[in-house]
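A.B. asks: fold the following for me, if possible:
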Amino acid sequence: MSTRTRILEVAADLVRESPDGDISTRAVCEAARVGAPALYRHFGDKEGLLSAVVDHGFDAYLAAKRERDDTTDPVEDLRDGWDGHVEFALRNPNLYRLMNSPAMRTPPEAAIEWHRILTGDLERAAAAGRLRIAPALAAQMIMSANTGVALMLVARPAAFSDGTMSRRVRDAVHAAVLTPDTVPGEPAEAGVPSTAVRLSALLRHSHESGLSTAEAALMTEWLDRVANSLPADGAPA
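C.D. replies: As a prediction, the model looks like this:
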């Protein structure tokens, strides 16, 4: 086992066992039997070490997502993604709090990869005509709500004891960004915003639009602006 791996695994164990998830570099060095220079050489500083611990801990969770075969229903993949995220937080409370700590000035790679996977599912939903708003905005809304629910369940389990809460919030957020379910074989809702989202998604993945790169970028900007506009009453279109 390399020195870096030994330090990383020791730090992960200390984070998991810590009452509040916090650790000191001194404790890590003592447990790993290395000097402080070795730790700083491999990780730069404490934040670099903690960021590496988060990525190390999330690796198994993200590996399942990386290897996942997309279903024919991107909406179902979005539901499963939400539920899996909450389940991971509940199994790894200290690690999850660390991932979302304000003290982490640089987002861990795990958070960036989760965003990429989520956006990919939303792009598929958009291409299928199932998205009300542009994927980038939908991803921000879902990530904010998903993270908030998971953090509340981890930080205040006694106050959030209703086992249906996460599903209720998930369905409410999805209703705000997704078009309603339809009868199999029938087209999805074809309002102006959802139509703009679908055309934008198809345009981004098409090489036969007849538009130049600059024209396609401008068209995508216009379509996303239409998709993300709120009606006068502020309700989803």
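A.B. asks: which parts of the chain are strands?
C.D. replies: In the chain, no segments count as strands under DSSP state E.
A.B. asks: show me where it has its helices.
C.D. replies: 3-17, 25-32, 36-43, 46-67, 74-91, 93-99, 109-127, 135-155, 165-177, 192-204, 213-228 (DSSP state H).
A.B. asks: dump those into a markdown table; add mean neighbour count and mean pLDDT as well.
C.D. replies: Any C-beta I mention is one placed from the backbone N, CA and C, and that applies to glycine too. Listed next are the helices of the chain as a markdown table, based on neighbours: other CB atoms under 10 Å; pLDDT from 0 to 100:
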| stretch | mean neighbour count | mean pLDDT |
| --- | --- | --- |
| helix 3-17 | 18 | 92 |
| helix 25-32 | 16 | 94 |
| helix 36-43 | 16 | 94 |
| helix 46-67 | 17 | 83 |
| helix 74-91 | 18 | 92 |
| helix 93-99 | 22 | 88 |
| helix 109-127 | 20 | 89 |
| helix 135-155 | 18 | 95 |
| helix 165-177 | 16 | 95 |
| helix 192-204 | 20 | 75 |
| helix 213-228 | 15 | 79 |
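A.B. asks: roughly how far apart are L49 and D224?
C.D. replies: Note on L49: its distance to D224, by CB to CB, to the nearest Å, is 39 Å.
A.B. asks: over to V154?
C.D. replies: 34 Å.
A.B. asks: just A134 next, same as before
C.D. replies: Distance of A134 to D224, given as CB to CB: 4 Å.
A.B. asks: in contact with the closest residue to S18 other than its chain neighbours, which residues?
C.D. replies: Nearest in space to S18, with sequence neighbours left out and distances taken as CB to CB, 6 or more residues apart in numbering, is N94 at 6.2 Å. Contacts for N94 were tallied using CB atoms under 8 Å, 6 or more residues apart in numbering; they are V15, R16, S18, D20, G21.
A.B. asks: mutual contacts of A134 and D224, please.
C.D. replies: V197, S200.
A.B. asks: what's the straight distance from one end of stretch 199-212 to the other?
C.D. replies: For stretch 199-212, the separation between the terminal residues is 16 Å (CA to CA, to the nearest Å).
A.B. asks: could you do stretch 95-115 as well?
C.D. replies: 18 Å.
A.B. asks: and for it, what's in contact with it?
C.D. replies: Taking CB under 8 Å, 6+ apart as the rule, stretch 95-115 contacts 12, 15-16, 21, 47, 50-51, 53-55, 57-59, 61-62, 65, 85, 88-89, 139, 143, 147, 150-151, 154-155.
A.B. asks: switch to 7 Å and redo it
C.D. replies: Here stretch 95-115 makes contact (CB atoms under 7 Å, 6 or more residues apart in numbering) with 15, 21, 47, 50-51, 54-55, 57-58, 62, 89, 139, 143, 147, 150-151, 154.
A.B. asks: any idea how far R170 is from N146?
C.D. replies: From R170 across to N146, the span is 8 Å (CB to CB).
A.B. asks: in contact with L39, which residues?
C.D. replies: L39 touches I7, T25, V28, C29, L49, counting by CB under 7 Å, 6+ apart.
A.B. asks: okay, those residues in a markdown table with distance to G191 next?
C.D. replies: Below are the contacts of L39 laid out as a markdown table (distance: CB to CB, whole Å):
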| residue | distance to G191 |
| --- | --- |
| I7 | 54 |
| T25 | 54 |
| V28 | 54 |
| C29 | 59 |
| L49 | 49 |
